[in-house]
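**Q** coords below, sequence missing:
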């Protein structure tokens, strides 16, 4: 709970600074709003971890010191379950980065999404969330191979997206993109480009990449609503991962006007 309060406090401050900066045409204020969101994530590091958090870190990094790590491992958790769980309990890895891939993690994602939606609302442009779920190949049989596959996939994502886009690793198999000034069609195309880039590598460490996409304002006004729609779309894509092809990219249905 303490981590959520810290993140929400800094995220709220970031939104206020972003709105003021936009009205005053101050670019430095917009930079400050991003810094506040980042600072909220950093401060969250100093909140004491629960046993479940420690077990999760051990599982993600491939180390295991106690039996509790196996009980709390997210290895068998579906993407939707993971995202629901992150809203109801404290989530904290080492700082704001994933120790396996070096990408920004779920704590940073949670702190930034509100600022991104608020900025999109003020600037009257769309912003999209794309959730990506990987299916490991049959030859990935241990944690070391899985970590290697995740690291290589993270490199593929970073080489494919724009410099202005934000990519995070949310869990063992789930990654997220935050795409400014991008509607749902653009986010779906970004997801497909990542699928194609992965397929061109010619390896089978990752068999498929499924994706769920939702956008502001097409699918929601509030960050939680947009994230829920993206999660539901991803679950549909993952549930049909056995179909032929590189994996499904599903765009959430638009909300009623």
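**A** Structure received. No experiment lies behind these values; they were computed from the predicted model shown.
**Q** Mind giving me the packing neighbours of the helix or strand containing residue 198?
**A** Per DSSP states H and E: residue 198 is located in helix 184-200. Other helices and strands packing on helix 184-200, by 3 or more Cβ pairs under 8 Å, 6 or more residues apart in numbering; DSSP states H and E, are strand 127-136, helix 143-160, strand 174-180, strand 206-216, strand 249-251. (C-beta placed from N, C-alpha, C; glycine too.)
**Q** Tabulate these (JSON lines), appending mean pLDDT and distance to residue 98.
**A** Listed next are the helices and strands packed on helix 184-200 as JSON lines, based on pLDDT from 0 to 100; distance: least, Cβ to Cβ, whole Å:
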{"stretch": "strand 127-136", "mean pLDDT": "97", "distance to residue 98": "14"}
{"stretch": "helix 143-160", "mean pLDDT": "95", "distance to residue 98": "8"}
{"stretch": "strand 174-180", "mean pLDDT": "97", "distance to residue 98": "10"}
{"stretch": "strand 206-216", "mean pLDDT": "96", "distance to residue 98": "16"}
{"stretch": "strand 249-251", "mean pLDDT": "97", "distance to residue 98": "23"}
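**Q** With distance to residue 192 and mean neighbour count as extra columns, can I get these in CSV?
**A** Converted to CSV, those look like this (distance: least, Cβ to Cβ, whole Å; neighbours: other Cβ atoms under 10 Å):
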stretch, distance to residue 192, mean neighbour count
strand 127-136, 10, 25
helix 143-160, 10, 17
strand 174-180, 12, 23
strand 206-216, 8, 26
strand 249-251, 6, 23
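**Q** Tell me which of the ones you listed lies nearest to residue 193.
**A** In terms of Cβ to Cβ, the element of the helices and strands packed on helix 184-200 nearest to residue 193 is helix 143-160, at 5.4 Å.
**Q** what angle separates that closest one from strand 174-180?
**A** Relative orientation of helix 143-160 versus strand 174-180 (axes from the mean of the first three to the mean of the last three Cα atoms, to 10 degrees): 10 degrees.
**Q** next helix or strand past helix 143-160?
**A** strand 166-169.
**Q** Would you mind pulling the contact partners of that following strand?
**A** For strand 166-169, the external contacting residues (Cβ atoms under 8 Å, 6 or more residues apart in numbering) are 98, 100-101, 103-106, 108-109, 112, 116, 150, 154, 157-158, 161, 175-178.
**Q** The helix holding residue 198: which residues count as buried?
**A** Residues of helix 184-200 classed as buried: 184, 186, 187, 188, 190, 191, 194, 195, 197, 198 (neighbour count, 16 or more other Cβ atoms under 10 Å).
**Q** Low-confidence stretches in the stretch 1-150 of the chain?
**A** 1-94 (pLDDT under 70).
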